[in-house]
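Novice: I need the structure of the sequence given here:
(4 chains)
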2 protein chains.
Amino acid sequence: MSYATAVPGKSRVSGDLVDSLGQTSFTVIALLSRIAAEHDMSLTQLRALAILRDREPAMAELAAFLGLERSSVSGLMDRAARRGLVRRTPGDDDARVTYVSLTAKGHRLAAEVTTEVADLLAPMTNRLSAAEQKRLTALLFALLDQSDGSQQPS
Amino acid sequence: MSYATAVPGKSRVSGDLVDSLGQTSFTVIALLSRIAAEHDMSLTQLRALAILRDREPAMAELAAFLGLERSSVSGLMDRAARRGLVRRTPGDDDARVTYVSLTAKGHRLAAEVTTEVADLLAPMTNRLSAAEQKRLTALLFALLDQSDGSQQPS
DNA sequence: TATTGTTATACTCTATAACTATA
DNA sequence: TATAGTTATAGAGTATAACAATA
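Specialist: Got it, this is the predicted structure:
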């Protein structure tokens, strides 16, 4: 509330930025959901798969990554395990902990989905020149405060 | 699949762009979900609210906007109507049609949510200078093929 | 006592299929 | 017959609360 009214000169620009960010986000998320659905997965499962590509977290850590309750992730991993995509491994030092990791099948699916995402996004991204793509990437990483380009699960 | 391999020179850049788009989208959507949750709404209900701000569509049109089945939107509008946010109006010429519109309460909530979105996004957007914000906005609209800036529900 | 993970329960979201009313 | 909307039903996703096992 304060933002829109406190800085009138910037609010116009920011309003458009907010709109473009919102529209872009919904478009991208819809596309990811579509890919997920084509593989009989939810968007959350697709995210989990992406996260697990280069991590082997404890259940609680995975829940933190996903921003969900532990109990929700239990069910999520139940369904993923039932499909043979992930496995649970008991912790060695702390017997309370359960680590989650992708199976070979899970890794294959994750890799497949990654290329599909790039493919489906291509019609959009190709509307920009190579230079524009670079600028956009830099701006988005700056927005995310990750101008170093360090990878987080997408 | 073909994209990543067919244009090796661009795939590196595109991979980063895909990552930054994905991360940004998840971040924005998570933020929108949080705002929705604070008002006891789902992300979909928030979207519906935004759509209805400047439209009075038939149920089937709303379903098309949201990318959902008509039956899903029936339930969605049931719950929104129960909270007094929307009303249903029978069509005059075609008695099969039902139009949906925001109540005064719905309009108030939609306006409130809009300012909250801008507020919560501000810490992110303020990381960019005014000139950078402008460039990012232009690039995103170009990506969406809407360089005219015509408004769609965000 | 505190923490990890699971289970029980309840509600929302979504889709498919069947239905009613209207065209 | 075809279309608009609803209802019935079922499954996934999510949270809260309670629990067992471990620390």
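
Novice: just for chain A, where's the confidence low?
Specialist: Scanning chain A for pLDDT under 70 picks out A:1-14, A:146-154.

Novice: report the closest residue of it relative to DNA strand D.
Specialist: The minimum distance from chain A to DNA strand D, using C-beta to the nearest atom of the strand, falls at residue A:42 (2.7 Å). For glycine as for every other residue, the C-beta is placed from the backbone atoms N, C-alpha and C.

Novice: next, count neighbours for that residue.
Specialist: 13 (other C-beta atoms under 10 Å in any protein chain shown).

Novice: got it, and the one 5 residues further on?
Specialist: Counted by other C-beta under 10 Å, the residues lying close to residue A:47 total 22.

Novice: hang on, isn't it packed against residue B:29?
Specialist: No: the pair residue A:47 and residue B:29 does not pass the contact test of C-beta atoms under 8 Å, sitting 10.8 Å apart.

Novice: can you pull out the helices in chain A?
Specialist: A:2-6, A:8-38, A:43-52, A:59-66, A:70-82, A:104-125, A:130-143 (DSSP state H).

Novice: among these, which is the most enclosed?
Specialist: The highest mean neighbour count among the helices of chain A, using mean count of other C-beta atoms under 10 Å in any protein chain shown, belongs to helix A:43-52: a mean of 21.

Novice: elements contacting it?
Specialist: Contacts defined by 3 or more C-beta pairs under 8 Å, 6 or more residues apart in numbering or on different chains; DSSP states H and E place helix A:43-52 against helix A:8-38, helix A:59-66, helix A:70-82, strand A:98-102, helix A:104-125.

Novice: what do you get if the cut-off is 10 Å, keeping everything else the same?
Specialist: Under the contact criterion of 3 or more C-beta pairs under 10 Å, 6 or more residues apart in numbering or on different chains; DSSP states H and E, helix A:43-52 touches helix A:8-38, helix A:59-66, helix A:70-82, strand A:86-90, strand A:98-102, helix A:104-125, helix B:8-38.

Novice: need the overlap of contacts for residue A:47 and residue B:29.
Specialist: Contact criterion C-beta atoms under 10 Å, 6 or more residues apart in numbering or on different chains; residues shared by residue A:47 and residue B:29: residue A:32.

Novice: does stretch A:39-55 reach DNA strand C?
Specialist: No: using C-beta under 7 Å from any atom of the strand, stretch A:39-55 never reaches DNA strand C; the gap is at least 9.5 Å.

Novice: dump that stretch to PDB, keeping only the CA atoms.
Specialist: This file holds the C-alpha atoms of stretch A:39-55, laid out as PDB (Å, rounded to 0.1, in the frame of the first residue of the first chain):
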ATOM      1  CA  HIS A  39       4.500 -37.000 -17.200                       C
ATOM      2  CA  ASP A  40       1.700 -37.500 -14.700                       C
ATOM      3  CA  MET A  41       3.300 -35.300 -12.200                       C
ATOM      4  CA  SER A  42       2.300 -32.200 -10.400                       C
ATOM      5  CA  LEU A  43       4.300 -29.000 -10.500                       C
ATOM      6  CA  THR A  44       5.600 -29.700  -7.000                       C
ATOM      7  CA  GLN A  45       6.800 -33.100  -8.000                       C
ATOM      8  CA  LEU A  46       8.600 -31.600 -10.900                       C
ATOM      9  CA  ARG A  47      10.200 -29.100  -8.600                       C
ATOM     10  CA  ALA A  48      11.200 -31.900  -6.200                       C
ATOM     11  CA  LEU A  49      12.700 -33.800  -9.000                       C
ATOM     12  CA  ALA A  50      14.800 -30.800 -10.100                       C
ATOM     13  CA  ILE A  51      15.900 -30.200  -6.600                       C
ATOM     14  CA  LEU A  52      17.000 -33.900  -6.100                       C
ATOM     15  CA  ARG A  53      19.000 -33.800  -9.300                       C
ATOM     16  CA  ASP A  54      22.000 -32.400  -7.500                       C
ATOM     17  CA  ARG A  55      21.100 -33.000  -3.900                       C
END
